[in-house]
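Undergrad: okay, predicted coordinates and the sequence, questions at the end:
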Amino acid sequence: MRPTTETRQQRDPLSLRHRLILALLTPLVVILTVSSYFDYQLAKKTANNAHDQALADNVFDLEAHIKKQNPSFKLDLTEEAEAMLRSNAPDMLYFSVSDPFGKVLAGDADLPRLPAPTGEQVAFTNGVYHGMPVRIAQHLISINTQDFLISVIETTKKREQASARILTAMVIPNLAVILATLLAVILGVRQGLLPLQEVERDIATRSANDLHEIELSGNPAEIRPVLSRLNELFAVLRGSVKIQQRFIADAAHQLRTPLAGLQTQIDLATSEGAFNNNTERLQLIDEATTRIGHLLSQLLAYARAETSNSVTDKFETVALDRLVENSASIFLDGALAKNIDLGFDIKPATTPGFQWMLQEALSNLIDNAIRYTPTGGVITVSCGEEKNQAFVDVEDSGPGIPDEHLKHVFERFYRIPGSPGNGCGLGLAIVSEIAQLHAATIQLTRSEQGGLRVRLQFTQHSS
Amino acid sequence: MRILIVEDDKLVAQGLKQGLLQLGYTVDVAGSAEEADICVQGESFDIALVDIALPKADGLHFIRQLRARGDHLPALILTASDSMDDTIRGLDAGADDYMTKPYRLPEVAARIRALIRRSNAVTDACLSHDGLRLDTLSRSATLNDEPLELTNREWAILEMLLMASPAVISKDRLVQCLAGWDKDITPNAIEVHVSRLRHKLAAGAIVIRTVRGIGYRVDAPHN
């Protein structure tokens, strides 16, 4: 059982275009074939009747000739009459006149022998003569009480040619109809599916957090139900993302108060001399609580950055130079504690965005630089505009990021194995989240001092 | 010095109280905004440490009421929330400073000192910093109780740096500040003044630090 279900699953279902083509072409081909068959038969019969009429004319000519001679048992047909009868290109014409007993009085003696017709009319049948299909016309006449059977046969070349012509005349337009239908279906389906392609493009170009609704108007009625369901799904997703973010934020928030209590108790115990004999233990406890505090701040920042998506219409003009200047006061003490030369190169630069988010992103970059730059290093934060695009650079003299880790550093909680410092692996994930919202690119390159240079390049212009 | 802690979490409140008691402050704890309101109306405090999330009315409400009554009691917000919006709301409500949990006791103590100093500076027009004293009324300065001669420009630069300490002040802002009576002053001239100031302050513990690419700042006082 299993293999069959697998093969069924593996086979792609027919595309809409194929389904339509199949659904339209199958009945079309059947209808056209059947109707062609009947039309062909009808046309052939009409053509055949016309040819039969001509053949009958030959019979009547012969009859007239015989009557004129007032024949006895001997019939004399002039060569002229014979030539007239036989000149019937491209078909060959043969005739015979015989008495009721089958004795041939004139013409070709070896014509196929048929039962004599009974009526007054000329009778037609098909036959074979000298291996060729022929049409046979027979007429029984009576002259001076004497009965004569006139037979005229004709090869069917003319009739075959006519049939072929009729067939061609019918098949070509029918084929044209089928081809035209095929083309109309292909073009029609392509045209009809254009809105779907637009929807596809809309969804494909979205960022992972962009869950805004698809515009229904402008889309065909047939795909609107699908789009509404999709929008409902987006709404559900938005809701659950929001709940998740709120949970993270609430949890981080709630954890901070007891952590503050814990830290105060540690500070008190320290000042009371509890760790006088073991300063290393104090340092480890201190590091642990600092790390928890940092992680909680980062979690809150990440949750806030993620929930603030698709509100870019509330952007305001942010002066990046002011943000960088503010950072000096925030980070100078941290840098001094590690004897790091924290410097700045500030040129005017603005971009549309959220000020607190951009400050958060910049703070994370500088915080990272201080964390990973060894004691005595150099960090330079610069901003400005290049080719009409605002940028912020944070360069350090730290170890940089090895190539094999470059593509992972924006993942949440990713830390380069063996790296120093007590980061939590959220910093660059937050920066990337904020950059994405602000249509900014993040470039990681080697700094002039051999460390890391992170550039935030803003592609949007503040009006 | 008397401090009021407005905090409903006992662990945090008791920890802070003990820490500040050890530093020689007198400390009272109020578990709600309502209780804190009664405290400040009956007694006199030098500073209030206020948590935003309180059981009924929140900390911002308490600070707003305080300011509405014209009470300039310095208020330092201690909160678990550190979003820009909350910071702005806190400062708009009339708080003087803002700290996010978790905090370290020495840091809280430093902020308390700074706030008390600032509020004293408003009342007695005096800036003190590591043995340096600027009396803004008499325009006289002393360093380790020795008279200190300062030019007008040096005074203006030092005053600005002290008021902002430990924040960084850019050279541009110093230029703008001095441009009032010295229209053609350049960033280079600022450097010269700062260099002279450093020379005059060499005997004290005060440090005017150069921040590469921006300007200067006076490090936070040591005591």
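TA: Ah, there it is.

Undergrad: use CA for all of it now, contacts and neighbours both
TA: OK.

Undergrad: which stretches of chain B form helices?
TA: Secondary structure of chain B (DSSP state H): helices at B:10-22, B:33-42, B:59-68, B:84-92, B:105-124, B:152-164, B:171-178, B:187-201.

Undergrad: can you say which of those helices is nearest to chain A?
TA: The closest of the helices of chain B to chain A is helix B:10-22. By CA to the nearest CA, the value is 4.2 Å.

Undergrad: lowest-pLDDT helix or strand in the chain?
TA: This is for chain A. Within chain A, no helix or strand scores below helix A:2-10, which has a mean of 47 by mean pLDDT, DSSP states H and E.

Undergrad: that answer is for a different chain, and I need it for chain B
TA: helix B:84-92 (a mean of 79).

Undergrad: tell me which residues in that one are buried?
TA: Buried residues in helix B:84-92, counted by 16 or more other CA atoms under 10 Å in any protein chain shown: B:87, B:90-91.

Undergrad: tell me which strands and helices it is in contact with?
TA: For helix B:84-92, the packing partners by 3 or more CA pairs under 8 Å, 6 or more residues apart in numbering or on different chains; DSSP states H and E come out as strand B:97-100.

Undergrad: the strand it packs on: partners in the sheet, and parallel or antiparallel?
TA: According to DSSP bridges, strand B:97-100 forms sheet pairs with strand B:75-79 (parallel).

Undergrad: quick one: average pLDDT of the strand it pairs with?
TA: Strand B:75-79 comes out with an average pLDDT of 91.

Undergrad: could you say which helix or strand holds residue A:266?
TA: Residue A:266 is part of helix A:224-271, with elements assigned from DSSP states H and E.

Undergrad: paired strands for whichever strand in chain A runs longest, with orientation please.
TA: Assignment by DSSP state E gives strand A:132-143 as the longest strand of chain A. Sheet pairing for strand A:132-143, assigned by DSSP bridges, gives strand A:123-129 (antiparallel), strand A:146-155 (antiparallel).

Undergrad: quick check: buried residues in it?
TA: Of all the residues in strand A:132-143, those buried under the rule 16+ other CA under 10 Å are A:134-141.

Undergrad: and that strand, C-alpha only, in CSV?
TA: Coordinates of each C-alpha in strand A:132-143 appear next as CSV, following Å, rounded to 0.1, in the frame of the first residue of the first chain:
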residue,chain,number,x,y,z
MET,A,132,-9.5,-1.7,-59.8
PRO,A,133,-12.5,-0.4,-57.9
VAL,A,134,-15.2,0.7,-60.3
ARG,A,135,-18.7,2.2,-60.3
ILE,A,136,-21.2,0.3,-62.4
ALA,A,137,-24.3,1.8,-64.1
GLN,A,138,-26.8,-0.6,-65.7
HIS,A,139,-30.0,0.1,-67.6
LEU,A,140,-32.5,-2.3,-69.1
ILE,A,141,-34.2,-0.9,-72.2
SER,A,142,-36.6,-2.4,-74.6
ILE,A,143,-36.5,-1.5,-78.3
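
Undergrad: pLDDT averaged over stretch A:122-134, what's the number?
TA: Across stretch A:122-134, the average pLDDT comes to 87.

Undergrad: got a pLDDT number for the closest residue in space to residue B:103 that isn't next to it in sequence?
TA: Leaving aside its chain neighbours, residue B:103 sits nearest to residue A:260 (6.0 Å; criterion: CA to CA, 6 or more residues apart in numbering or on different chains). The confidence metric pLDDT takes the value 87 at residue A:260.

Undergrad: before we move on, what about residue B:192?
TA: 92.

Undergrad: and it, how far from residue B:149?
TA: According to CA to CA, to the nearest Å, residue B:192 stands 16 Å off from residue B:149.

Undergrad: about what we covered before: show me what contacts the residue nearest to residue B:103?
TA: Listed by CA atoms under 8 Å, 6 or more residues apart in numbering or on different chains, the contact set of residue A:260 reads B:12, B:101-104.

Undergrad: which one of those has the most neighbours?
TA: Most neighbours among the contacts of residue A:260, by other CA atoms under 10 Å in any protein chain shown: residue B:102, with 27 neighbours.

Undergrad: what residues does chain B put near chain A?
TA: Taking CA under 8 Å from any CA of the partner chain as the contact definition, chain B meets chain A at B:9, B:11-13, B:15-16, B:18-19, B:80-84, B:101-105, B:166-168, B:170, B:211-214.

Undergrad: among these, name the buried ones.
TA: Buried members of those, scored by 16+ other CA under 10 Å, are B:9, B:11-13, B:15-16, B:18-19, B:80-83, B:101-105, B:166-168, B:170, B:211, B:213-214.

Undergrad: what residue ranges in chain A score low on pLDDT?
TA: Within chain A, the segments meeting pLDDT under 70 span A:1-12, A:70-89, A:116, A:208-209, A:307-313, A:420-422, A:462-463.

Undergrad: once you drop chain neighbours, what's closest to residue B:132?
TA: Nearest one to residue B:132, counting by CA to CA, 6+ apart, is residue B:143 at 4.5 Å.

Undergrad: correct me, but the one you found touches residue B:201?
TA: Yes: applying CA atoms under 8 Å, one finds residue B:143 in contact with residue B:201, separated by 7.5 Å.

Undergrad: who has more neighbours out of the two?
TA: Legend: neighbour count by other CA under 10 Å for residue B:143 and residue B:201, higher for residue B:143 (22 against 16).

Undergrad: then stretch B:65-85 to PDB, C-alphas only?
TA: Coordinates of each C-alpha in stretch B:65-85 appear next as PDB, following Å, rounded to 0.1, in the frame of the first residue of the first chain:
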ATOM      1  CA  GLN B  65       0.300  64.900  42.600                       C
ATOM      2  CA  LEU B  66       3.500  66.000  44.300                       C
ATOM      3  CA  ARG B  67       4.300  68.400  41.500                       C
ATOM      4  CA  ALA B  68       0.700  69.600  41.300                       C
ATOM      5  CA  ARG B  69       1.100  70.700  45.000                       C
ATOM      6  CA  GLY B  70       4.200  72.600  44.000                       C
ATOM      7  CA  ASP B  71       6.500  70.200  45.900                       C
ATOM      8  CA  HIS B  72       9.900  70.000  44.400                       C
ATOM      9  CA  LEU B  73      11.000  66.900  46.300                       C
ATOM     10  CA  PRO B  74      13.600  65.200  44.000                       C
ATOM     11  CA  ALA B  75      12.100  62.000  42.600                       C
ATOM     12  CA  LEU B  76      14.200  59.100  41.200                       C
ATOM     13  CA  ILE B  77      12.200  56.500  39.300                       C
ATOM     14  CA  LEU B  78      13.300  52.900  39.800                       C
ATOM     15  CA  THR B  79      11.400  50.600  37.500                       C
ATOM     16  CA  ALA B  80      11.400  47.300  35.700                       C
ATOM     17  CA  SER B  81      10.400  48.900  32.400                       C
ATOM     18  CA  ASP B  82      13.100  50.700  30.300                       C
ATOM     19  CA  SER B  83      11.300  51.500  27.100                       C
ATOM     20  CA  MET B  84      11.800  55.100  25.800                       C
ATOM     21  CA  ASP B  85       8.100  55.700  26.100                       C
END
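
Undergrad: can you give the contact residues for that stretch?
TA: A:253-254, A:256-257, A:297, A:301, A:356, B:37, B:45-53, B:63, B:90, B:94-102, B:112, B:115-116, B:119.

Undergrad: now do the buried residues in it.
TA: Within stretch B:65-85, the residues scored as buried using 16+ other CA under 10 Å are B:65-66, B:72-83.

Undergrad: what do you get for stretch B:207-223?
TA: For stretch B:207-223, the neighbour count (16+ other CA under 10 Å) marks B:208, B:210-211, B:213-221 as buried.

Undergrad: among those, which one lies nearest to chain A?
TA: Taking CA to the nearest CA as the measure, chain A sits nearest to residue B:213 out of these, at 4.3 Å.

Undergrad: can you name the residues that contact that closest one?
TA: Going by CA under 8 Å, 6+ apart, residue B:213 touches A:343-346.

Undergrad: among those residues, name the ones in helices.
TA: Per DSSP H, helices hold no members of the contacts of residue B:213.

Undergrad: export the residues you listed as TSV, with columns for distance to residue A:329 and neighbour count.
TA: Shown next, in TSV, are the contacts of residue B:213 (distance: CA to CA, whole Å; neighbours: other CA atoms under 10 Å in any protein chain shown):
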residue	distance to residue A:329	neighbour count
A:343	12	21
A:344	12	22
A:345	15	17
A:346	14	18
